[in-house]
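>>> 3D model of this:
(2 chains)
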Amino acid sequence: MYIIKNALRNIRRMFTKNILIAIIILIVGFSCVVSLSIKEAANTARQEGIDAVNITANISYDRQKMMQNMQPPTQGEQDGTSQEDMRDKMRESMQNQNLSLDELEVYAKADSVSDFYYEKTMAIGATEIEAIESSSSENFGGPQGMPGRNDEDTTYVEGDFSLVGISSVNALSDFTDGTKELVDGEYLDIEKTHTVMISEDLATYNSLEVGSSIKLQNPNSESETYVVEVVGIYSQVSDQQMMMRQDPANQMYTSANTIDAIEAKTASDNPLTSQVKGTYVLADVDAYDAFSDEVYELGLSDDFTVQSMDVSMYEQSLAPLENLSSFADTFFLVSILVGGAILIVFQFLRVKDRVYEIGVLRAIGMSKLKISLQFICELLIITTVSLILALGIGAATSVPITNQLLESQSVSTNESEMQNMPGGMPQGMGGRQSSEPSGSFIEDSVQSVSSATNWTVVLEIMVIGLLLTIVSGGVATIFIQRYDTMKILQQS
Amino acid sequence: MSELSTKDLSFYYTKDKSILKELNLAFERGKIYAIVGKSGAGKTTLLSLLSQLQSPKDGHIYYEGQDISNINADHYRSCNIGVVFQSYNLLPSWNAIENVSLSLDIANWKESDKKTHAKMLLEKMQIDESDMHRAVHQLSGGQQQRVAIARAISYNPSIILADEPTGNLDKATEKEILTIFQQLAYEEDKCVILVTHASSVTKIADEIYRL
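Residues are numbered from 1 along each chain as shown, chains lettered A, B, ... in the order given. As a prediction, this is how the structure comes out:
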């Protein structure tokens, strides 16, 4: 007890020197609080955000893996034959990249899946209406052929419209996330066939309204037509560019049953076909991780991979905060090392400065251990007070500092993204079909945090303070152990 | 039985030049001892050996019949002997009460009010109330000597060691200090060992050891 009393007494007596140490610890502590708060904010934002995200996942062909597996021809093999072999292998792989609905439904039985829906997309033409920015293209070799492949005799014309057949209203995610909005009529009844929802632009361009009929046509067989009724008109709320040939205004929504009916009826040489895309709804990130493993247990080929745009987009949105967190790690490490070194030097100087006192205390019977404890206790009290102040200041300023740094980081990351995006399309979004204009990265990213310093930070700072005190106190102890009492007293 | 004794006590810094050689001394309670000798004879060294601030090269020191090398040095210095150093060795920025109380703390003094006990001792050493609260470095040499004695006797040790206790004092103060040592020896049954070269000190000694 008297050690604490003496420690307090000594702190008061050497107030000026101790204030200096306290200020240094305060600065180091403040740096640590801000660094840890930034990290904590990043962790909290990640956890809270990921908890709030409705996770959906898709199974898609792993093109990256395919490209890795395609070994480039060696120097000696760079003749026409080897390169042709490689192209053939790529064609073969690309042709096998779509899973059937039956296969997709197998993976929907995974325990981690809470819901499953799909959409079938079909390129189709129409007889009495015109597409916006008509982009009919001719392909060779049928609908499944590689673009540009010209070794077949047949010519395949792709329709100007995109007919999207949904199996569930849940598939209308563009409407739930606000990208699109129903402006007239009603949503699709997925049980019905031959009803569609069309875009407002398409409706205006062709003077269509709710109740109008549209005659769809197989672009490769003029006699093959299908009449559908407009039940709803939607508008595009956000300015969205589509990474597909058709203008997004030419997209029509219908039920999957309609697509099935068309596919059942089509019988020309160039039948209308659709591509199916399954969407798996998962409860949380853990379920997403579990699903990523379960699909392979259910027989999915290694050539396919599970991707979640929600998770990818969220990860992307956290990029500035993650970068800041990484910077905070370095800053924290430097602060700790510099702070620790300063404390050790100060403690060494304190001991040297008070050699006479140590000699007197030893002469009157105070043990070296207790003297060391007193020095440690003094530093601990100074450190504790400084760190409490550092925590207070840090808690008050870490949020604005974090947000300020985050804003700078968002701009920096955005500029970096734009540099890496020829054509204005963000990269690194595996499987991302539609993307916002490049400048909207900032809007997507986490731009502010509401809290940073929490009890975890408080605990971490206190543990750090204790460790620093013990380490620097240990240095003092070593010197105290080495002092010879008689020599001190004789020299003084 | 002697309170403190030495048997064949030797000490040297270099082997070819002994400072103390096979010294056999005995010190009893209730007596004043004077250790005298010319400068460099080893008087202060003997005091440092008796207070276990240094260890003998040869021989033994016994406290109440027990070899002090087997006693914890810190406990021995904080409880069994009280040392009054030539340069007092007080904590200069601490006041007189704090210096005395510190010894009581280190000695693990059980009585509750250490401050009152310290004040009582300082009063006994004729330190004024106002001086008790001043930092020691603001006190005169005589006052510091008294504070050092108060500190040495505060935890009631059986042996008092004093190195040149009157070296820095005027005649009047010297007389007062020597009276205090006489009181400690004869009234409180302490074993008082004074290292000195002053004849005034040897005059009050019951036994004189020459080195």
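>>> So which residues on chain B come close to chain A?
B:48, B:51, B:53-54, B:73-79, B:83, B:85, B:87, B:89-91, B:93-94, B:98, B:102-103, B:105-107, B:151 (CB under 8 Å from any CB of the partner chain). For glycine as for every other residue, the C-beta is placed from the backbone atoms N, C-alpha and C.
>>> filter those to the buried ones?
Using 16 or more other CB atoms under 10 Å in any protein chain shown as the burial test, the residues of chain B next to chain A include B:48, B:51, B:53-54, B:73-74, B:76-79, B:83, B:85, B:89-91, B:94, B:98, B:102-103, B:105-107, B:151 as buried.
>>> And the residue of chain B closest to chain A?
Relative to chain A, the nearest point of chain B is residue B:78 (2.5 Å; CB to the nearest CB).
>>> Return the residues in contact with that residue.
A:364-366, B:103, B:106-108, B:155 (CB atoms under 8 Å, 6 or more residues apart in numbering or on different chains).
>>> mind pulling up the phi and psi values for the closest residue to chain B within the stretch 101-250 of chain A?
Of all residues in the stretch 101-250 of chain A, residue A:112 sits closest to chain B, at 66.5 Å by CB to the nearest CB. Taking degrees, to the nearest 10, you get phi -80, psi -10 for the backbone angles of residue A:112.
>>> Residue B:96 now?
According to degrees, to the nearest 10, residue B:96 has phi -60, psi -40.
>>> Tally up the residues packed near it, please.
By the criterion of other CB atoms under 10 Å in any protein chain shown, residue B:96 has 29 neighbours.
>>> where does the spatially closest residue to residue B:176 that is not a sequence neighbour land in three-state SS?
Of all residues not flanking residue B:176 in the chain, residue B:126 sits nearest, at 6.9 Å (CB to CB, 6 or more residues apart in numbering or on different chains). Per DSSP: H, G, I helix; E, B strand; the rest coil, the secondary structure class of residue B:126 is coil.
>>> Now do the same for residue B:126: its pLDDT.
Per-residue pLDDT puts residue B:126 at 86.
>>> Distance check, it against residue B:173.
In this structure, residue B:126 lies at 10 Å from residue B:173, with CB to CB, to the nearest Å as the measure.
>>> re earlier: lowest pLDDT pick from the contacts of residue B:78?
Lowest in pLDDT among the contacts of residue B:78 is residue B:108, which has 87.
>>> Now do the same contact list for that one.
Residue B:108 touches B:78-79, counting by CB under 8 Å, 6+ apart.
>>> and if we set it to 10 Å?
Shown in contact with residue B:108 (CB atoms under 10 Å, 6 or more residues apart in numbering or on different chains): A:2, A:365, B:75, B:78-79, B:155.
>>> Return the subset of those residues lying in strands.
Among the contacts of residue B:108, DSSP state E puts none in strands.
>>> for those residues, which one is nearest residue A:121?
Residue A:121 has its nearest neighbour among those in residue A:2, at 82.8 Å by CB to CB.
>>> Show me what counts as buried in the longest helix along chain B.
Criterion DSSP state H: the longest helix present in chain B is helix B:171-186. By 16+ other CB under 10 Å, the buried positions in helix B:171-186 come out as B:173-174, B:176-178, B:180-181, B:184-185.
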